[in-house]
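1. turn this into a model:
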Amino acid sequence: MIRVLIFLLIIASGILIGPSLMGHDTYVLVAVNGWTMETSLVVMVMMIIVFYAALQIAEWALVNTIAMWGRTRHWFGWRKERIAQQKTIDGVLEFAAGHFSQAEQLSVNHVKYSKEPLLNYFTAINAAATQGKVEQRDEYLTQALEFAPENTALIATKLRYLVEEKDFESAQKWLEQQPDKVAQHDDLLPLNIQVREHFQQWTQVAQLNDILFKHKRLTAPEHQERVRHCYVQQLAALADSDLETINQSYKSIPRKYRNHIDIFCQYAKLVIKFDQAALIEKELFKRLSKELSAGLLGVVEQCPTQLATAWCERLEKLDAYQSDSAFIDVIVRLKIMQRQWKNAKEWLQQAIQIDPSAHRYQQLAQVQQELGESSGALDSFNKALNYRQAK
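-> Here you go, the predicted structure:
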């Protein structure tokens, strides 16, 4: 651009100055080693311009002649790259159109010269997987990982196929081969969690859910619910452990989660299993006095025989819940445990008035049999049968 401006400037100057020079006899004498040349100023200027133009042409010809070898010697390689680029695009379009066999062939045959070989590999992998060619899919995946071993999308793809095939052993080994940074990548986290859940590694699952929350992949309620579930399962997995291990595990849970009803109920059931109900009795009824929940009632149902009388008395004092049929069912269970048939019958009749069901009528019939009320028991059995047939 600058050269063009200079050239235009020279032309404009010639247009302005040329006529005045033509009217004067101005000569230029050039002498070099005895060689002389005399000419007019106008001719000299024209010779300089022609010489400059010739010099520019010679420079252009020389540069292009030298560069010609570099441009032509890779011509065939460039041609293959252009073809590979076009075939890669065609492969993606064939995959989108549902022509998976053509997409696979187009992608694989031109991966060597492709500018984006991972695109070829991903297309071939997904096309083979869609056709059910497991061996071909794995072969393409291995080749792709050799080309880009640290690509998280490829690592996640292999892990996803292993999880889908329920090959959790191989999935775990594959995860263990990855650095923590890769294993905790957004693409791998959900799959990582599935593998850890399969092996009941609940501590790691809780930690991975924390990372998901930090990455804003979970809302606060979803995060809390998932972590609570992890701690509940962590305690449930200790069913065959000793009481000391259970207590340590429970105390290791953060307080904000330990206070949740589901976690406390799971812990309480384990403690009752070891005949140590006294450890949770106070906390159990403290929580029950504040809130009636199915989880707490489920713990009360696990009441040891020796505590049935005491717990039943404490339940009967909770007047606010005596219109709840599920609450009454627990009292009935404890009454039956104590063989207090008459009281059990009264509570059962109250529950039936609130919410009649086949199960409650059958329980009433059994209690009436224990009391020697044969006709009443038969009537209750018939009602239970009617309820079942109605459903």
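2. can you get me a residue count around residue 146?
-> The local packing of residue 146 (other CB atoms under 10 Å) involves 8 other residues. C-betas here are computed from N, CA, C, even on glycine.
3. helix or strand: which one has it?
-> In this assignment (DSSP states H and E), residue 146 forms part of helix 134-147.
4. of all the residues in whichever helix or strand comes after that helix, which ones are buried?
-> Per DSSP H and E, helix 134-147 leads on to helix 152-164 as the next helix or strand towards the C-terminus. Neighbour counts over helix 152-164 (16 or more other CB atoms under 10 Å) mark 152, 154-163 as buried.
5. now do helix 152-164 against helix 134-147, angle only.
-> Interaxial angle, helix 152-164 versus helix 134-147 (axes from the mean of the first three to the mean of the last three CA atoms, to 10 degrees): 150 degrees.
6. list the helices and strands the helix holding residue 146 packs on?
-> helix 117-130, helix 152-164 (3 or more CB pairs under 8 Å, 6 or more residues apart in numbering; DSSP states H and E).
7. lowest average pLDDT across these?
-> Here the lowest mean pLDDT among those goes to helix 117-130, at a mean of 88.
8. show me what that helix is packed up against.
-> helix 75-96, helix 100-109, helix 134-147, helix 152-164.
9. deepest of these, which one?
-> Per residue and on average, the most neighbours among these fall to helix 100-109, with a mean of 20 (mean count of other CB atoms under 10 Å).
10. hmm, who's touching stretch 101-116?
-> 77, 80-81, 83-85, 87-88, 90-92, 94-95, 117, 119-121, 123-124, 127-128, 131, 136, 140 (CB atoms under 8 Å, 6 or more residues apart in numbering).
11. endpoints of that stretch, how far apart?
-> End-to-end span of stretch 101-116 (CA to CA, to the nearest Å): 20 Å.
12. just the mean pLDDT for that stretch, thanks.
-> Mean predicted confidence for stretch 101-116 is 84.
13. return the distance of stretch 82-101 from the chain's centre.
-> 28 Å (CA atoms, centre = their mean, to the nearest Å).
14. let me fix that, I meant to ask about stretch 265-276.
-> 35 Å.
15. for stretch 187-205, same thing?
-> Mean-position distance between stretch 187-205 and its chain equals 11 Å (CA atoms, centre = their mean).
16. mind listing what's buried along that stretch?
-> Buried residues in stretch 187-205, counted by 16+ other CB under 10 Å: 187-189, 191-193, 195-197, 201-202, 205.
17. among those residues, give me the pair with the biggest separation.
-> Distance extremes for the buried residues of stretch 187-205: the farthest pair is 187 and 202 at 22.8 Å, using CB to CB.
18. so who does the closest residue to residue 206 other than its chain neighbours touch?
-> What sits nearest to residue 206 in space, not counting adjacent residues and going by CB to CB, 6 or more residues apart in numbering, is residue 230, at 4.1 Å. Counting by CB under 8 Å, 6+ apart, residue 230 touches 202-203, 205-206, 209.
19. gap between the two ends of stretch 236-251?
-> End-to-end distance of stretch 236-251 (CA to CA): 15 Å.
20. do the same with stretch 106-120
-> Length of stretch 106-120, first residue to last, CA to CA: 8 Å.
21. give the buried residues for that stretch.
-> Buried-residue list, stretch 106-120, by 16+ other CB under 10 Å: 106-108, 110-111, 113-114, 117, 119-120.
22. surely residue 330 is in a helix?
-> Yes. Using DSSP: H, G, I helix; E, B strand; the rest coil, the assignment for residue 330 is a helix.
23. thought it was touching residue 301?
-> Yes. Between residue 330 and residue 301 there is a contact at 5.8 Å, judged by CB atoms under 8 Å.
24. more neighbours, these two?
-> Taking other CB under 10 Å, residue 330 and residue 301 do not tie; residue 330 has more neighbours (22 against 14).
25. so who does that one touch?
-> Neighbouring residues of residue 330 by CB under 8 Å, 6+ apart: 297, 300-301, 315.
26. next step: the residues you listed restricted to helices.
-> Among the contacts of residue 330, DSSP state H puts 297, 300-301, 315 in helices.
27. and the residue nearest the centre of the chain, its phi and psi?
-> By CA atoms, centre = their mean, the chain has its centre lying nearest to residue 190, at 3.6 Å. Note on residue 190: its backbone torsions stand at phi -60, psi -40 [degrees, to the nearest 10].
28. so who does it touch?
-> Counted by CB under 8 Å, 6+ apart, residue 190 has contacts residue 212.
29. what about it, distance to residue 208?
-> 9 Å (CB to CB, to the nearest Å).
30. report pLDDT for the residue nearest to the centre of the chain.
-> pLDDT at residue 190 comes out at 91.
31. swap in residue 27?
-> 67.
32. ok, the closest residue to residue 324 other than its chain neighbours to residue 325 distance?
-> Nearest non-adjacent residue to residue 324, counting by CB to CB, 6+ apart: residue 292, 6.3 Å away. To residue 325, residue 292 is 12 Å away according to CB to CB.
33. again with residue 215
-> From residue 215 to residue 325 the distance is 45 Å (CB to CB).
34. repeat for residue 105
-> 67 Å.
35. next: residue 289.
-> Taking CB to CB, one finds residue 289 at 19 Å from residue 325.
36. do residue 332 as well
-> Distance, residue 332 to residue 325, by CB to CB: 10 Å.
37. more crowded one of those two?
-> residue 332 (23 against 15).
38. ok, for the more buried one, nearest residue in space, not its chain neighbours?
-> residue 347 (4.9 Å).
39. the protein: strands as residue ranges?
-> Assigned by DSSP state E, the strands in the chain fall at 27-32, 35-40.
40. closest to residue 234 out of these?
-> Nearest to residue 234 among the strands of the chain is strand 27-32 (100.6 Å), distances taken as CB to CB.
41. ok, residue 186 touching residue 215?
-> Yes. Counting by CB under 8 Å, residue 186 does reach residue 215; the two are 5.8 Å apart.
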